[in-house]
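**Student:** Turn this into a structure:
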Amino acid sequence: MFDGRYRLLKKIGKGGFAEVWKALDTLTETEVAVKVLSPDGGLSDGVRSSYINEFRNTLKLSHQNLLRPLHYGEVADYAYVIMPLCEGGSLEDAVVQGRAFTEEELVKVIYQTSSALAYIHDKGILHNDIKPSNILVSEGGEYQLSDFGISSKTRFAVVRNSIERRNMVSKIQETASALSIAYAANELFGENPINTAKSDVFSLGVAIHELATGMLPWMGQGGVALNNGAAIPNLPADKYSDHLNWLYRSCLHSEPANRPAAHDIAKSTKFFLEKGHWGSEIGTDSPARTRKKTFIGQFTPVMWAVGLLGLVGLFASLFMFFKPQAPASENNSQAVRLACTSPILNEIKANPAGLIIAKEGEAPPMFWCSDYDKMSDCKGFEYEFGQMLAGKLGIDKVSYAVDEYDNLPDLVKTRKAHLIISGYIADDTDSLEWSESYLDFGLCLIVGRGSKVLDTRDLNAPGKKILVYEGDDTAADWVKENIPKATIIAKADPAEASGIWMKGLENGQADAVIYDYPFAIAEIQESYPTLKIVKLNLNSSNYSVGMPAGNLCFREQVNQAISEIRESPRYADLIKKYLKSDAVQVSREIEPGKEVHVVVQGETLSLIAKNVLGDVNKWKDIYDANKDWLANPNLIYKGDKLVMPQRVNI
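**Tutor:** Below you'll find the predicted structure:
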């Protein structure tokens, strides 16, 4: 009898930080699963507290493919969780038993797992431990994702705590199990590990391979092998289609930005289960597998033609024939572009109008034109970004469909435009989907130049009034959560006699404005010389490209193009050209003892990180230490004083 209530019947599982028992709840006379954390050593107060805090988040979640826990309890220094009992066991059992999954059966697993994963990702929660043993089978044959919402840090702390309490020096097997190295993405093994929702997608890809073949890829070395140059193995061609193989391989892409989101995987697999075939976006001509072609079989017609061109041409052509082919791994950007066929992209290239971008007019500094009827003299950050995006996609011509902000999604739905570039994230996610971010900024705090308000803490008091743009739910919600004692005033242009909505701050009706940074700098420059921005990046805002839903290949091609653009010098130049303002006059108090680097002409965060901290990747640490006044990593200038994230000799 456990904790005076649960009669333990049979141990049904053991992992790196817990063991699971089938048990009878003697109070309700029902069978449940009892998961005992750190069963060999118990938990310290600190580790238990960390686990409880994360466990509470799981109780707020509800999805048909999530195995939601029922209860958390403690007895002595042991902690346990009560969960519904899944009589079908886990998919790890299926792997051990050598179960052969048909394509339809495997797609069902992928759909239900990715659907649950998309749900928790939308809630801002990572799973951190996707593997067959955490995908359970219900009595009705449905798949449920378990063990979600607990961070890798907490998992490891539980194992380490158990080891320390048993005075054991080494417990490599359990520690490795807790970290699930075989399923861990390659970005988790760098000097500066980055854990995102795409890391969960990588783990799902490993699990797909294991279910399809009965074996772990790369001898269980996970992303470590990929970092060392290993190729991504294909699924068995005699059992699974090129369509499924391409989807699986995309999950294991070495670049997280080029992996599909869980939401995309769920959409694609749902289509297959409902229609009985794959959607056209993953076409039958998709070269998902690496198939060798003989030299003569592939090039004989070309060789005859080359032979007529003379000896020099022949040698040049033979060099090209025998030149090693680009590897068919996802590390090669050209190979990624060729990894699937995109009907939408082909349609755009054949369109006389080229790429049609839906845009909101009169939106400086992002986009504006002197004549919208003729689309003449157009400029702005998003205008030039659109030109760059088209070029990266191999499209020669760009056209625009200009309309009100709220009408932009309809232009894409009705096929009057191919993309939205307006930082627009709509509530309607069924007909539209969104790219990776092409621009990262946050809300900013605006006050009068003579105001003593320098921080949002100065506004959290009864009687303080904060102005937001009418309809800007992001700003309003942020104020409600972070400055709850203040009163919100919402105004739009028509509410002002002069058509200027921030006039309420100038005339004393409000104490501050919370607004989106790129638009704030333009409005302050144009109409409000008496106002200034005193704090930046109050939240994290991501501007994304919208496109028709259900076109996974096209979306990934757009994502890759965005990734390449963001790494280019021209992108940094665009930000400096359009998104810098002298309205940003943030007052800073640097704590005594902090090391400060004064920027010299031409320096970037990457150069400073390399030369001062000895690691180019630490530019993110520098930015994090300064982002309350530094609008964007690209916006640093000669004379700027940067607080360094660690003590260094300057």
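
**Student:** Give me the secondary structure label for residue 80.
**Tutor:** strand (DSSP: H, G, I helix; E, B strand; the rest coil).

**Student:** How about residue 82: which residues does it bridge to?
**Tutor:** Applying DSSP bridges to residue 82 yields these beta-bridge partners: residue 34, residue 71.

**Student:** Please tell me how far it sits from residue 135.
**Tutor:** 20 Å (CB to CB, to the nearest Å). C-beta coordinates here come from the backbone N, C-alpha and C atoms, glycine included.

**Student:** more crowded one of those two?
**Tutor:** Per other CB atoms under 10 Å, whichever of residue 82 and residue 135 has more neighbours is residue 135, with 26 against 19.

**Student:** For that one, list the residues it contacts.
**Tutor:** Counting by CB atoms under 8 Å, 6 or more residues apart in numbering, residue 135 touches 90-91, 109, 113, 143-146, 207.

**Student:** With residue 643 instead?
**Tutor:** 590, 594-596, 625-626.

**Student:** let's go with 7 Å and repeat that
**Tutor:** Going by CB atoms under 7 Å, 6 or more residues apart in numbering, residue 643 touches 590, 594, 596, 625-626.

**Student:** cool, residue 278 as well?
**Tutor:** Residue 278 makes contact with 243, 272, according to CB under 7 Å, 6+ apart.

**Student:** now residue 403
**Tutor:** Neighbouring residues of residue 403 by CB under 7 Å, 6+ apart: 358, 411.

**Student:** Show the backbone phi and psi for it.
**Tutor:** Phi and psi for residue 403, reported as degrees, to the nearest 10, are phi -160, psi 180.

**Student:** Number the residues from 204 up from this point.
**Tutor:** Will do, 204 is the new start, and the previous item becomes residue 606.

**Student:** Identify the bridge partners of it.
**Tutor:** Assessed by DSSP bridges, residue 606 has beta-bridge partners residue 563.

**Student:** what's the spacing between it and residue 759?
**Tutor:** 27 Å.

**Student:** got it, and residue 820?
**Tutor:** 25 Å.

**Student:** Counting neighbours, go ahead and name the busier of these two.
**Tutor:** residue 759 (25 against 14).

**Student:** so is that one in a helix, a strand, or just coil?
**Tutor:** Classification of residue 759 using three-state DSSP returns helix.

**Student:** shouldn't it be in contact with residue 462?
**Tutor:** No: using CB atoms under 7 Å as the test, residue 759 is too far from residue 462 to be in contact (8.2 Å).

**Student:** Excluding chain neighbours, give the residue nearest to residue 765 in space.
**Tutor:** Nearest non-adjacent residue to residue 765, counting by CB to CB, 6 or more residues apart in numbering: residue 641, 5.0 Å away.

**Student:** Same question for residue 552.
**Tutor:** Nearest non-adjacent residue to residue 552 (CB to CB, 6+ apart): residue 598, at 6.1 Å.

**Student:** Counting neighbours, what do you get for the one you found?
**Tutor:** 17.

**Student:** Could you pull up the residues touching it?
**Tutor:** Listed by CB under 7 Å, 6+ apart, the contact set of residue 598 reads 551-552, 557-558.

**Student:** Among the residues you listed, which ones are in helices?
**Tutor:** Judged by DSSP state H, the contacts of residue 598 include 551-552 as members of helices.

**Student:** List buried residues within the contacts of residue 598.
**Tutor:** 551, 557-558 (16 or more other CB atoms under 10 Å).

**Student:** Which one of those residues is nearest to residue 655?
**Tutor:** The closest of these to residue 655 turns out to be residue 558 (CB to CB; 49.2 Å).

**Student:** do you know how far that closest one is from residue 550?
**Tutor:** Counting by CB to CB - residue 558 and residue 550 are separated by 11 Å.

**Student:** for residue 581, same thing?
**Tutor:** 24 Å.

**Student:** Now residue 470: closest residue in space that isn't a chain neighbour?
**Tutor:** Once flanking residues are discounted, residue 470 sits nearest to residue 753: 5.7 Å by CB to CB, 6+ apart.

**Student:** before we move on, which element is that neighbour in?
**Tutor:** Following DSSP states H and E, one finds residue 753 outside all helices and strands.

**Student:** what do you get for the one 3 residues further on?
**Tutor:** Under the criterion DSSP H and E, the helix or strand holding residue 756 is helix 755-769.

**Student:** Going toward the C-terminus from the longest helix seen in the chain, what's the next helix or strand?
**Tutor:** Longest helix of the chain, by residue count under DSSP H: helix 306-325. Using DSSP H and E, the helix or strand that directly follows helix 306-325 along the chain is strand 338-340.

**Student:** Nice, that's everything, thank you.
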